[in-house]
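Enquirer: Sequence plus predicted model, see below.
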Amino acid sequence: MEKDLRSACEALNLGGTILYPTDTVWGLGCDATNAKAVQKIYTLKNRMETKSMIILLDSKDKLPLYVKKVPLIIDDLLAQCERPTTFVYPNAINLPQNLIAEDGSIAIRIVTSGFAHDLISAFGKPIVSTSANISGEPTPQNYQSISEPIKASVDYLVKQEHNSSIEFKPSRIILFKNDFDFDIIRD
């Protein structure tokens with residue numbers, strides 16, 4: 001695992017793309033603070049830039065670095081989450097424009113364990129997380145169902161957990177309207 005962490009961090013630091021296991025599905029990732037790296041993911045997925053992507057953090061304490069005003073209810077909601085949940089926050093900051101949605105929002109998931117958590121901690125910055133597929137194709141449920149063109153297109157492919165038979169689901173998505181009001185976008 002240490003070699004994978006070092007190699008993935010090296011690729012991220014060089015503005016590269018990675019294929020890695022997240023807390024939900026296998027994902028494509030890059031340095032979420034690097035506009036050129038983010039563009040590589042859009043190109044790799046053949047995805048329109050108007051469709052924003054999720055970023056992963058390793059701690060809720062880092063939310064104020066990327067969200068202008070963190071909703072007051074976030075601690076209560078995070079404490080109640082029994083599965084990975086992505087929150088869409090208004091007024092993103094300190095992120096490239098091509099990662100922020102047209103309305104100024106950003107989707108963020110806090111990863112609390114596993115390889116993705118360790119990677120974010122080692123890297124020290126948020127990482128993009130988007131499903132490892134070409135836009136419009138089904139989300140791969142495990143490593144074996146990721147297409148060979150996707151595997152061949154990244155700068156670094158994490159070696160561990162390829163044989164994991166656990167099939168994951170994409171995260172729940174909750175959209176904040178204000179400090180205390182939200183909508184569940186995907187359950």
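Expert: Nice, thanks for sending it over.

Enquirer: Run a quick neighbour tally on Leu57.
Expert: Applying other C-beta atoms under 10 Å, we find 21 residues neighbouring Leu57. The way it works is simple: take the backbone N, C-alpha and C, and place the C-beta from them, glycine included.

Enquirer: what about it, distance to Pro170?
Expert: According to C-beta to C-beta, to the nearest Å, Leu57 and Pro170 sit 18 Å apart.

Enquirer: cool, Ile120 as well?
Expert: Shown here: Ile120 relative to Pro170, a distance of 18 Å by C-beta to C-beta.

Enquirer: Spell out the secondary structure type for the residue positioned nearest the centre of the chain.
Expert: By C-alpha atoms, centre = their mean, the mean C-alpha position of the chain lies nearest to Ser129, the distance being 2.3 Å. Secondary structure, DSSP: H, G, I helix; E, B strand; the rest coil: Ser129 is strand.

Enquirer: does it really touch Leu56, like I thought?
Expert: Yes: the criterion here is C-beta atoms under 8 Å, and Ser129 meets it with Leu56 at 4.8 Å.

Enquirer: Would you map the helices across the protein?
Expert: Along the chain, the segments classed as helices by DSSP state H run 2-13, 35-45, 74-80, 114-123, 148-153.

Enquirer: Just put those in a markdown table and tack on mean neighbour count, mean pLDDT and distance to Ile108.
Expert: Listed next are those as a markdown table, based on neighbours: other C-beta atoms under 10 Å; pLDDT from 0 to 100; distance: least, C-beta to C-beta, whole Å:
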| stretch | mean neighbour count | mean pLDDT | distance to Ile108 |
| --- | --- | --- | --- |
| helix 2-13 | 17 | 95 | 17 |
| helix 35-45 | 19 | 95 | 15 |
| helix 74-80 | 12 | 88 | 10 |
| helix 114-123 | 19 | 95 | 11 |
| helix 148-153 | 13 | 94 | 24 |
